[in-house]
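Q: Make a model of this:
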Amino acid sequence: MASFTAKDVQALREQTGVGMMDCKKALVASDGDMEKAIDFLREKGLAASQKKAGRIAAEGAVLAYNDEANHIGVLVEVNSETDFVAKNEVFQAFVLDVAKTIAANNPADVEELKTMILFGSDRTVQDNLQDKVLAIGENMNIRRFVRVEGIVSTYIHMGGTVGVMVEFETDEATAASEAFKTMGKDVAMQIAAMSPQYLDPASVPAEVIDHEKGILLAQMAEDPAMANKPDKVKEGIISGKIKKFYKENCLLEQAFVKDDKMSVAQYIASVAKDLGAAIKCTGFTRFAKGEGLQKKEENFADEIARMVQ
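A: Residues are numbered from 1 along each chain as shown. Sure thing, here's the model as predicted:
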């Protein structure tokens, strides 16, 4: 008979995040040896993750982590099967630790990240991910991340459905001011709401503009009122349409959502002027949870029924 106490079960649970019954089974299987029990759960975690790997995971959360002291920003998306898991404290703590691991170690990609020791742990990100699959009972994936060195502002919408990280060039005193922080959050919220595709007109690839012009020319050719217009007139119309394209798709050209009488670029310039500083927005990243992934379609009543079984 294995010799262990309820405190041993609790200690194992705290170390691994796995449920109490699974911890008890692990201690029974390992004759009360804590290290062997951890290995047992790790092996079970791998089996659980492999078993669940084929299941669609398009929920979860996007998290932004801003290490202001070291000027490192991270945006990461971790997926799960259901939205319920995204609200789970164990899941949220894991995602934050993943972000901190990225900030500290600068992995080249997700696969390299998984081999690194998870922040606050003595085991790898992959080992901990497998533990969470076992403990939570769902397929989970670390999908993507972006890490930036420099001054950033971040914003997370509705608990992780959309995450934004905006990059700025300015001095440290300006970056520490409340006016800059408010401006940075405003710009990040603009990106979350308006979903610009590019920073400014110079960032738009030439082939994109050529494609837009091709569509406009084709539309004119199909319009009897436009077909016989002089080329100079057509060029003027196309130029106007391209400017509209920039205003809709380029962050700095967009009308500022809090005051549409100015553009985002003008808003940033106004804050810089008030602070007597130079502020330049140099880039941004926007992640929407599950974008581009196949969504799981289920009957809500069936889902609830499974949960209460």
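
Q: And the strands in the chain?
A: Secondary structure of the chain, counting by DSSP state E: strands at 61-67, 72-79, 141-149, 151-157, 162-169, 255-256, 259-263, 280-288.

Q: Point out where the stretch 1-150 of the chain drops to low pLDDT.
A: The stretch 1-150 of the chain contains residues with pLDDT under 70 at 1-2, 16-17, 45-54, 56-58.

Q: Let me have the strands of the chain in a markdown table, extended by mean neighbour count.
A: To be clear about C-beta, it is placed using only N, CA and C from the backbone, and glycine gets the same treatment. Listed next are these as a markdown table, based on neighbours: other C-beta atoms under 10 Å:
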| stretch | mean neighbour count |
| --- | --- |
| strand 61-67 | 23 |
| strand 72-79 | 24 |
| strand 141-149 | 19 |
| strand 151-157 | 22 |
| strand 162-169 | 22 |
| strand 255-256 | 18 |
| strand 259-263 | 12 |
| strand 280-288 | 18 |
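
Q: who wins for proximity to residue 228 among those?
A: Closest of these to residue 228 is strand 255-256, at 34.9 Å (criterion: C-beta to C-beta).

Q: Can you name the residues in contact with that closest one?
A: Strand 255-256 has contacts (C-beta atoms under 8 Å, 6 or more residues apart in numbering) with 186, 190, 247, 262-264, 266-267.

Q: Domain boundaries for the chain, per the record?
A: Split into domains by automatic domain parsing, the chain comes to 6-52, 55-149.

Q: Burial-wise, tell me which of the ones you listed comes out on top.
A: Comparing the domains of the chain on average neighbours per residue, with mean count of other C-beta atoms under 10 Å, the densest one is domain 55-149 at a mean of 19.

Q: Between the two ends of that one, how far is it?
A: Distance across domain 55-149, first residue to last, is 35 Å (C-alpha to C-alpha, to the nearest Å).

Q: Could you do stretch 250-267 as well?
A: 14 Å.

Q: circling back to that earlier point, of all the domains of the chain, which one comes closest to residue 227?
A: Set against residue 227 and scored by C-beta to C-beta, the domains of the chain come closest in domain 55-149, at 46.3 Å.

Q: any chance you could map the helices in the stretch 201-309 of the chain?
A: 206-222, 224-227, 231-249, 264-275, 300-307 (DSSP state H, counting those that start in this stretch).
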